[in-house]
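Enquirer: turn this into a model:
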Amino acid sequence: MAGLIAPKLVDSALTCSGSALPWLLKEMWVNVLDAGGRQAMHNHANSFISGVVYLTRTHPSSQTVFMKSPGGTDFLFKNDHKGMTPNEYCADKWISPAPEPGDMVLFPSYLMHAVPPNQGERRITLSFNAIPSQLDSWGYIIRFAG
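Expert: Residues are numbered from 1 along each chain as shown. The predicted structure is shown next:
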């Protein structure tokens, strides 16, 4: 799985940082949620990019929910009314697109996320955290051990 995930991390870094950074997968684990299973709101503060690979079908009740951090300090300009369409840029909370088995979602590790109670069949996902092998900011280079 690491061999399939790594090129997607490089592509993501190219889009987000302008550089095709090499990445180190810190850890990977499998989540199994039977009916009623859930994951409380959390983030992965020890990484840069986190991801979920959906291995089974996901019931609409248990699609991953992303949310802005509660008590955030960001400047807030809201356009809240019944005619607006919330999305990942203007909502306090949004639901990931409906995944198919084999789909992968990458997101910044600091982003809060949760899985509501599963009302369907067993939901199995592979999750992971990654860090770049190094960062270079105008010659100030930080290298992370592999």
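Enquirer: all helices of this structure, in order?
Expert: If DSSP state H is used as the criterion, the helices of the chain fall at 2-17.
Enquirer: find the centremost residue of it, please.
Expert: What sits nearest the mean C-alpha location of the chain, by CA atoms, centre = their mean, is F107, with 3.2 Å.
Enquirer: so N79 versus C90, what's the distance?
Expert: From N79 across to C90, the span is 7 Å (CB to CB, to the nearest Å). C-beta here means a position set from N, CA and C on the backbone, and glycine is covered the same way.
Enquirer: the two: which is more packed in?
Expert: Remark: of N79 and C90, C90 carries more neighbours, 13 against 8, as counted by other CB atoms under 10 Å.
Enquirer: from memory that one sits against M84, does it?
Expert: Yes. Assessed by CB atoms under 8 Å, C90 is found in contact with M84 at 7.5 Å.
Enquirer: what residues does N87 make contact with?
Expert: By CB atoms under 8 Å, 6 or more residues apart in numbering, N87 lies in contact with W94.
Enquirer: mind checking pLDDT for it?
Expert: For N87, the pLDDT comes out at 73.
Enquirer: tell me the phi and psi of it?
Expert: phi -150, psi -180 (degrees, to the nearest 10).
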